[in-house]
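Asker: sharing a sequence plus its predicted fold:
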Amino acid sequence: MSLSWRLIISYIVIILVTLTLAFITLILIARPIQNRLVTVRLATQSRLAGRQLNNLFRQGISIDRVLQQLSNRVANSNSHLIFVDTHGTVLADSRNAWAGQQLDIPNSETGSFNDPNGQAFMYAATPVGPQDRQAGYVVALANRAPVLPNLVTEFGWGFVLAGVVALFVSLLLGILITRSIALPLQKIAGAAGAVAAGDYEHRLPEKGPPEIKRVAASFNVMAGQVEASQQATRDFVSNVSHELKTPLTSIQGFSQAIMEGATQDEVARRRAAGIIHHEAARMSRLVEDLLDLARIDSGQVVMRKTPLDLSQILSSTVERLLPQAVKKDVKLATDWDRLPQIVGDGDRLAQVFTNFLDNAVKHTPSGGRVAIKGTIAKGLPRLRRMQAGLALRDATTTRSERGDFVEVNISDTGPGIPPDDLARIFERFYQVDKSRKRGRGTGLGLSIAKEIIEAHGGYVRAESIPEVGTKFTVFLPITEADAQTLISARR
């Protein structure tokens, strides 16, 4: 059953239940109202008849003539009046039903009683008689109201008609409301089907009630992410194919030359073997990088949680790259005091800083300068760590979710990165140098570094001015003592 029909049926059930409750409420309210109206009418009849009889008693008329007068006055009316003495014996009855019988009428002005046949009556009594003594009571009677009051019976058909009209109008409104809910959902379902079929550019109009707008906006964000993911997958396959094809072509060509004897002298054979070895090592590094990224994406990389002296890691990294810098005539300048302790994987963080420093030295011309500076940054937003190790950046981080970080800046005086390239340098296989010269790397180093940093609860920023230089800034949270493991998963 479709959502529209379910909503319409639910509206019908709600309306019917509401009308039923209204009818029951009418019955419960109408009965006491009718009883009060009957009591007021009987009291009026009883007082009027009592006043007339008392006037006759004051004139000295005998009781027999008074009773005769009572019978004559109500004979042609619909009133049921009786006259009972003080012992409850009926002396006169306008309908000749209980004359001479004894009735068990309570000693009160109004109430109800049962006649000898068990029928229930309501009554109102007024005492009458001469001034010196009471002769009895004049009592007005009426049948007790039935279980279904006369008011309900009289207005029943009107109530039913009003209920039918209300049901019809409510159904029309329900259909309109159902359409306003179901149609946007149908459009969302259609859009989801279009994205599933490969139309990743499909978007929903963000209009309608606030809830529908939020769903449409979320769907559009999701569709954009799917589109970006598909494009990234295509780029990934294309880049991997390109990166593997180049060394494989070299390996295949030189190995074939050796087999065919094209390299007769020892120098040529050694050169061919060296190229094959070099390209095989390059392929091995590429495969290792790919495996690293695959493990990071699947959340299988568990960072060893140990207290770390970041100053020592930075010093060791600078020492390893110092010969390379001296060879290129690049000055390495360091500036940090004793940095606070952090928690993380020392080998992985050494890999990160080695990558940044190696890139800085490579892209800085002779006579240039690479600076490494470590400071403390206070009150920065933290990554919101989710369950199962999923780390998400929260742009709406509150001040209570902020903390202190170690900030490490690595800047160079190289040619800089153009603005269009700067926004994409952390993408996989993206290289600013489009020539893809042999030995330039695979374009995965910055992607892996970014994943490792975010797995530690930190983040990285890149700034660059063409012809001036580039600066990478790494933020790592200061000691998270409650962290059990640091796991990176693809978001």
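Answerer: Structure's in. What do you need?
Asker: quick one: list the elements packing against the host helix or strand of residue 451.
Answerer: In this structure, residue 451 sits in helix 445-455 according to DSSP states H and E. In this structure, helix 445-455 makes packing contacts with helix 266-297, helix 346-362, strand 459-465, strand 469-477, judged by 3 or more Cβ pairs under 8 Å, 6 or more residues apart in numbering; DSSP states H and E. In short, each C-beta sits where N, CA and C put it, glycine included.
Asker: state which strand of this structure is the longest.
Answerer: For the chain, the strand with the greatest residue count under DSSP state E is strand 369-381.
Asker: okay, buried residues for that strand please.
Answerer: Residues of strand 369-381 classed as buried: 369, 370, 371, 372, 373, 374, 381 (neighbour count, 16 or more other Cβ atoms under 10 Å).
Asker: can you give the strand pairings for it, parallel or anti for each?
Answerer: strand 331-335 (parallel), strand 402-412 (antiparallel) (DSSP bridges).
Asker: the host helix or strand of residue 252 vs helix 266-297, what angle?
Answerer: Secondary structure from DSSP H and E places residue 252 in helix 210-259. Angle of helix 210-259 versus helix 266-297, following axes from the mean of the first three to the mean of the last three Cα atoms, to 10 degrees, is 160 degrees.
Asker: quick one: list the elements packing against helix 210-259.
Answerer: Checked by 3+ Cβ pairs under 8 Å, 6+ apart, helix 210-259 has helix 150-196, helix 266-297 packed alongside it.
Asker: what mean pLDDT does the last one have?
Answerer: Along helix 266-297, the predicted local confidence has a mean pLDDT of 78.
Asker: starting at the chain centroid, how far to it?
Answerer: In terms of Cα atoms, centre = their mean, to the nearest Å, the centre of helix 266-297 is found 50 Å from the chain centre.
Asker: could you do the first one as well?
Answerer: Taking the mean C-alpha point of helix 150-196 and that of its whole chain, the gap between them comes to 26 Å (Cα atoms, centre = their mean).
Asker: what pLDDT, on average, does that helix get?
Answerer: Here the average pLDDT along helix 150-196 is 74.
Asker: test my guess that residue 181 contacts residue 10.
Answerer: No. The criterion here is Cβ atoms under 8 Å, and residue 181 misses it with residue 10 at 11.7 Å.
Asker: which one is residue 324 nearest to, not counting chain neighbours?
Answerer: residue 361 (5.6 Å; Cβ to Cβ, 6 or more residues apart in numbering).
Asker: hmm, residue 328 and the one you found touching each other?
Answerer: Yes. Counting by Cβ under 8 Å, residue 361 does reach residue 328; the two are 6.3 Å apart.
Asker: so the two - more neighbours on which side?
Answerer: Between residue 361 and residue 328, counting by other Cβ atoms under 10 Å, residue 361 is the more crowded of the two (20 against 15).
Asker: what residues are up against the more buried one?
Answerer: If a contact means Cβ atoms under 8 Å, 6 or more residues apart in numbering, then residue 361 has 321, 324, 325, 328, 330, 332, 370, 412 as its contacts.
Asker: now, of the residues you listed, which are buried?
Answerer: For the contacts of residue 361, buried by 16+ other Cβ under 10 Å: 321, 325, 330, 332, 370, 412.
Asker: so, low pLDDT: which residues of the protein?
Answerer: Applying pLDDT under 70 to the chain picks out residues 1-4, 71-78, 131-132, 145-159, 262-264, 296-302, 383-400, 431-442, 480-491.
Asker: residue ranges of each domain in it, please.
Answerer: Here the domain assignment for the chain is 3-150, 210-292, 301-487, based on automatic domain parsing.
Asker: those: which one's closest to residue 160?
Answerer: Taking Cβ to Cβ, domain 3-150 is the member of those nearest to residue 160, at 9.0 Å.
Asker: distance between the closest one and the chain's centre?
Answerer: 63 Å.
Asker: repeat for stretch 401-417
Answerer: Offset of stretch 401-417 from its chain centre (Cα atoms, centre = their mean): 37 Å.
Asker: and what of stretch 225-243?
Answerer: Relative to its chain's centre, stretch 225-243 lies at 32 Å (Cα atoms, centre = their mean).
Asker: test my guess that residue 275 contacts residue 247.
Answerer: No. Taking contacts as Cβ under 8 Å, residue 275 lies outside contact range of residue 247: 9.4 Å.
Asker: who's more crowded, the two?
Answerer: Taking neighbours as other Cβ under 10 Å, residue 275 and residue 247 compare with residue 247 leading, 20 against 17.
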